[in-house]
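**Q** dropping a prediction and its sequence here:
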Amino acid sequence: MSSRFNRWLKRNSPSRESFEENRWVGFAARRPELWRLTRRSVPRGIAAGLLVGIFALIPGVQMIGAALMCVPIRGHIPLAAAATFLSNPLTTPLILAAALEVGGALGFKSNLSAFEELYNSSATIGEWFTWLASDAAPGMVVGLAVIAIVSAAIGYFASSFIWNNMVNRRRRRTLAVRRGVE
């Protein structure tokens, strides 16, 4: 099943060469280290995607921001873009509620009951912006920053650990095959 998905993904994903022709993203496409899976680029890409994806919470801005963040830190751009999907319409209310809790715990004003009331009453965009501008902005921004930084650090170390385990397992298999042949 996974090989079929991999073939489909490879067939339908844009190539680096197609990005090189684009005037907006061509500068990043001409740097092959941003597209290779290496032990350094993978954790950096995951961390950049989680940091921007959780802090920004605006769907179009997340991928662009994660890709732009990968350029100076030499992270893997496709993984960074994929990691932004952690915050999606299902998880965004949970992330916002957690951010309000964290911001409130750190001493910033945040009113979680007003958030719940707006969420349950299907408030309009104007009501959400009014609430954000008047009551919850400081606590929510601080909470989002803390959650984003902690998530990025966990993602960095977890992906680095997984990468090293995969490489070590592959090395052991190769050595076992060589010993069996000799």
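**A** Structure's in. What do you need?

**Q** hmm, who's touching stretch 69-83?
**A** For stretch 69-83, the external contacting residues (C-beta atoms under 8 Å, 6 or more residues apart in numbering) are 13, 27-28, 31, 33-38, 40-42, 44-53, 63, 66-67, 155. The C-beta positions use only the backbone N, C-alpha and C, and glycine is treated the same way.

**Q** buried ones among those?
**A** The neighbour-count test (16 or more other C-beta atoms under 10 Å) applied to the contacts of stretch 69-83 identifies 28, 34-35, 41-42, 44-53, 63, 66-67, 155 as buried.

**Q** these in strands, which ones?
**A** In this view, those have no member that belongs to strands under DSSP state E.

**Q** phi, psi of residue 57?
**A** Here the main-chain torsion angles of residue 57 (degrees, to the nearest 10) amount to phi 60, psi 20.

**Q** for the protein, give me the ranges with low pLDDT.
**A** By pLDDT under 70, the weakly predicted segments of the chain are 1-2, 9, 13-16, 111, 181-182.

**Q** which residues in it form helices?
**A** For the chain, helices defined by DSSP state H occupy the ranges 2-12, 16-20, 26-29, 41-56, 59-73, 77-83, 92-105, 112-120, 125-131, 137-181.

**Q** looking at the ones you listed, which is buried most?
**A** Comparing those by mean neighbour count (mean count of other C-beta atoms under 10 Å), helix 41-56 ranks first with a mean of 26.

**Q** what's the angle between that one and helix 137-181?
**A** Between the axis of helix 41-56 and that of helix 137-181 there is an angle of 160 degrees, by axes from the mean of the first three to the mean of the last three C-alpha atoms, to 10 degrees.

**Q** give me the contacts around helix 41-56.
**A** By C-beta under 8 Å, 6+ apart, the residues outside helix 41-56 that reach it are 33-34, 62, 65-66, 69-70, 73-87, 95, 144-145, 147-149, 151-153, 155-160, 163.
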